[in-house]
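*Asks:* structure for the following, please:
(one chain, ligands or ions: 1)
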Amino acid sequence: MKLSKRIQEIKPSPTLAITMKANAMKAAGHDVIGFGAGEPDFDTPRYIKEAAVKAIEEGFTKYTPVAGIDELKDAIIDKLARDQGIKYNRSEICVSCGAKHTLYNLAQVLFEEGDEVIIPSPYWVSYIDIVKLAGATPVVVPTKEEEGFRLSPSSLLAAISERTKGIIINSPSNPTGSVYSREELKGLAEILVKSDLVVISDDIYEKILYDGLKFSSIAQVHPAMKEKTVIVNGVSKAYAMTGWRIGYAAGPEWIIQAVTKLQSQNTSNPTSIAQKAAVAALQGDQGEVEKMVQEFERRRNYICEALNSVPGFRCPKPQGAFYVFPNVEGVFGWAPKGRVINNSSDLAGYLLDEVGVAVVPGADFGDDRYLRFSYATSIDLIEKGVARIKQALS
Ligand SMILES: *Cc1c(COP(=O)(O)O)cnc(C)c1O
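*Replies:* Numbering: from 1, shown residues only. Take a look at the predicted model:
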């Protein structure tokens with residue numbers, strides 16, 4: 001007996017692995033400060049939970065249509081019209097068990113052996129493995145810190161070959177927090193509309209933006225982009241609903257119908273109760289989201305300043321999401337407590353073992369010169385965590 005080649009070629013999600021290791025250390029009595037988590041630390045807002053309780057009490061606990069209930073599709077359609085100014089029909093929406101599931105389904109229906117998929121780096125850890133699971137080849141295109149970790153039109157053009165089938169754009173970005181402006185997206189769109197690529201636009205951090213910035217999705221910056229783009233979004237990050245597992249795709253009907261067919265043979269519908277909660281999230285008072293974003297902004301300002309005061313660290317100020325991605329090359333070659341640090345994994349391992357600070361090595365996101373810190377944690381813990389890092393490196 002043996003496992004398939006397919007599963008042997010991928011790795012477990014490193015962010016989940018770090019979080020699990022930190023939690024296990026905590027459970028064993030160690031004092032660990034976690035900057036690994038990829039989820040808001042806030043509770044799901046009350047009005048959303050109440051909608052779920054109501055759904056349970058009303059017996060809304062059976063199978064629903066595979067692609068989601070009409071009520072939720074309509075709430076998503078309203079949201080996309082309101083926020084992106086794009087009109088979709090119900091047949092262009094498929095709701096899945098989280099945006100990760102949406103991305104997985106999309107890769108399965110769009111990509112296969114011999115296809116190339118462009119992924120700008122630093123990238124979200126799962127893109128690579130999701131593309132590989134479809135048998136396709138991820139083509140990683142590095143971006144530069146000096147260019148705000150944003151893909152330039154010239155590097156996009158240089159990366160397109162006759163095998164390129166798609167590209168994944170993620171703005172605001174996990175892990176860098178960088179955000180593309182409307183003009184920058186237009187620059188990419190002008191190349192993409194002349195190509196035969198499918199664009200997957202992962203807009204999951206759309207609501208988590210700072211400095212008064214306005215969000216644009218690449219789907220909305222050029223009239224021809226709607227037909228080439230699948231918007232991926234969900235309720236996990238904006239509404240602190242990671243455990244509810246609701247994500248969705250909005251895009252051309254031929255792709256959405258293929259995703260729905262695939263989903264009918266794997267999960268069927270996403271949870272009925274969570275769908276009702278997602279309707280409440282999208283249609284309810286968006287003031288709760290604003291409050292969370294204000295708190296994230298306060299923490300971003302704090303953690304950037306704190307990390308810039310760590311010797312050997314340089315922390316750019318991100319404009320969205322809830323991560324910072326400091327450059328830590330300045331520490332390479334050091335040997336605090338006799339332990340040589342030559343890369344991001346050495347440093348992350350040292351910080352966890354030595355002072356109980358959990359961070360994710362940049363190597364997992366495609367750039368070994370950085371660390372990723374999530375600031376979905378209190379200012380108090382950020383202060384303590386950074387003090388420990390200084391102590392570990394002194
Ligand atoms: C968290 C995250 C997702 C997945 O979110 P779900 O909880 O599966 O809806 C997708 N893309 C990025 C970049 C993320 O950080």
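*Asks:* and for Gly243, the neighbour number?
*Replies:* Gly243 has 10 neighbouring residues, counting by other C-beta atoms under 10 Å. For the C-beta atoms, the positions are set from N, CA and C on the backbone; glycine is no exception.
*Asks:* cool, and Pro142?
*Replies:* Neighbours of Pro142 (other C-beta under 10 Å): 13.
*Asks:* and what of Ser394?
*Replies:* Ser394: 8 neighbours (other C-beta under 10 Å).
*Asks:* which non-adjacent residue is nearest it?
*Replies:* Spatially, and ignoring its direct neighbours in sequence, Ser394 is nearest to Pro336 (7.6 Å; C-beta to C-beta, 6 or more residues apart in numbering).
*Asks:* repeat that for Ala281.
*Replies:* Tyr239 (4.3 Å).
*Asks:* and that neighbour, that's in a helix?
*Replies:* No: according to DSSP: H, G, I helix; E, B strand; the rest coil, Tyr239 belongs to no helix; its state is coil.
*Asks:* for it, phi and psi?
*Replies:* phi -110, psi 20 (degrees, to the nearest 10).
*Asks:* show the pLDDT at it.
*Replies:* Tyr239 is assigned 97 on the pLDDT scale.
*Asks:* which residues touch it?
*Replies:* Listed by C-beta atoms under 8 Å, 6 or more residues apart in numbering, the contact partners of Tyr239 are 44-45, 48, 281, 288-289.
*Asks:* is there any residue in stretch 143-150 that contacts the ligand?
*Replies:* No: Stretch 143-150 does not reach the ligand (C-beta under 6 Å from any ligand atom); its nearest approach is 13.4 Å.
*Asks:* buried residues, that stretch. List them.
*Replies:* Along stretch 143-150, these residues count as buried under the neighbour rule (16 or more other C-beta atoms under 10 Å): 143, 145, 148-150.
*Asks:* would you agree Lys165 falls within a helix?
*Replies:* No: read with three-state DSSP, Lys165 is strand and lies in no helix.
*Asks:* ok, and the closest non-adjacent residue to it?
*Replies:* Asp115 (4.0 Å).
*Asks:* surely the one you found meets Glu162?
*Replies:* No: using C-beta atoms under 8 Å, Asp115 is not in contact with Glu162; the gap is 10.8 Å.
*Asks:* which one's more surrounded, these two?
*Replies:* Asp115 (18 against 6).
*Asks:* next, that one: phi, psi?
*Replies:* The phi/psi pair for Asp115 (degrees, to the nearest 10) is phi -80, psi 150.
*Asks:* so Ser344 versus Phe149, what's the distance?
*Replies:* Computed as C-beta to C-beta, to the nearest Å, the Ser344 to Phe149 distance reads 16 Å.
*Asks:* burial check on the closest residue to the ligand within the stretch 1-150 of the chain, number of neighbours?
*Replies:* For the stretch 1-150 of the chain, the residue closest to the ligand is Gly98, as judged by C-beta to the nearest ligand atom, at 2.9 Å. When neighbours are counted by other C-beta under 10 Å, Gly98 registers 22.
*Asks:* can I get the buried residues of stretch 143-150 in a markdown table with pLDDT and secondary structure?
*Replies:* Compiled in a markdown table, the buried residues of stretch 143-150 are given as follows (pLDDT from 0 to 100; DSSP: H, G, I helix; E, B strand; the rest coil):
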| residue | pLDDT | secondary structure |
| --- | --- | --- |
| Thr143 | 98 | coil |
| Glu145 | 97 | helix |
| Gly148 | 97 | coil |
| Phe149 | 98 | coil |
| Arg150 | 98 | coil |
